[in-house]
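Visitor: Mind looking at a prediction? Sequence and model below.
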Amino acid sequence: MFEWIENIRYPESKIKTYHLVLMKFDGYYQNLNPKMRQVFVLRNLSFLQHIKFSSSNQIQLTIEIKVIVASGFIQLTFGLKRYRL
């Protein structure tokens, strides 16, 4: 079902950073098995690669904020084969 994801290469440092953020802030992610966590992180990376965030000058968009927002989208679409906007 997720074979195509394995063909995409992301920097290991980004994968690790996203994993750590999700482990800290996302209970849904914490309860996934290791294989599904990998799929979740890769979908998160893919989402953030295609979406541009903007904010007012009052809010600084950190990587944590972006990963958490992306996580919400991934959770809503996690069981779907077609999940892109």
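Guide: Perfect, thanks for sending it.

Visitor: What's the local residue count around Leu22?
Guide: 24 (other CB atoms under 10 Å). All C-beta spots, glycine's among them, are computed from the backbone N, C-alpha and C.

Visitor: For it, which non-adjacent residue is closest in space?
Guide: The spatial neighbour of Leu22 that comes closest, neighbours along the chain excluded (CB to CB, 6 or more residues apart in numbering), is Tyr29 at 4.1 Å.

Visitor: and if you look at Ser55?
Guide: Leu61 (5.1 Å).

Visitor: how far away is the closest residue to Leu48 other than its chain neighbours from Gln60?
Guide: Distance criterion CB to CB, 6+ apart; nearest residue to Leu48, sequence neighbours excluded, is Ala70 at 5.2 Å. In this view, Ala70 and Gln60 are 17 Å apart by CB to CB, to the nearest Å.

Visitor: and if you look at Gly27?
Guide: Gly27 is 25 Å from Gln60, where distance means CB to CB.

Visitor: picking that back up, how deep is the residue nearest to Ser55 tucked in, by neighbour count?
Guide: For Leu61, the neighbour count with other CB under 10 Å is 11.

Visitor: Would you confirm that it contacts Phe53?
Guide: Yes. Counting by CB atoms under 8 Å, Leu61 does reach Phe53; the two are 5.3 Å apart.

Visitor: tell me the SS of the spatially most central residue of the chain?
Guide: Centroid check for the chain by CA atoms, centre = their mean gives Asn44 as the closest residue, at 1.9 Å. Asn44 falls in the helix class when you classify it by DSSP: H, G, I helix; E, B strand; the rest coil.

Visitor: Can you report how many residues lie near Val67?
Guide: 25.

Visitor: Okay, and it sits in which element?
Guide: Element membership of Val67, judged by DSSP states H and E, is helix 63-77.

Visitor: average pLDDT for that helix?
Guide: Helix 63-77 shows a mean pLDDT of 95.

Visitor: What residues of it count as buried?
Guide: 66-71, 73-74 (16 or more other CB atoms under 10 Å).

Visitor: Any chance of the residues you listed in CSV with distance to Pro11 as columns?
Guide: Compiled in CSV, the buried residues of helix 63-77 are given as follows (distance: CB to CB, whole Å):
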residue, distance to Pro11
Lys66, 16
Val67, 15
Ile68, 20
Val69, 21
Ala70, 17
Ser71, 19
Phe73, 21
Ile74, 19
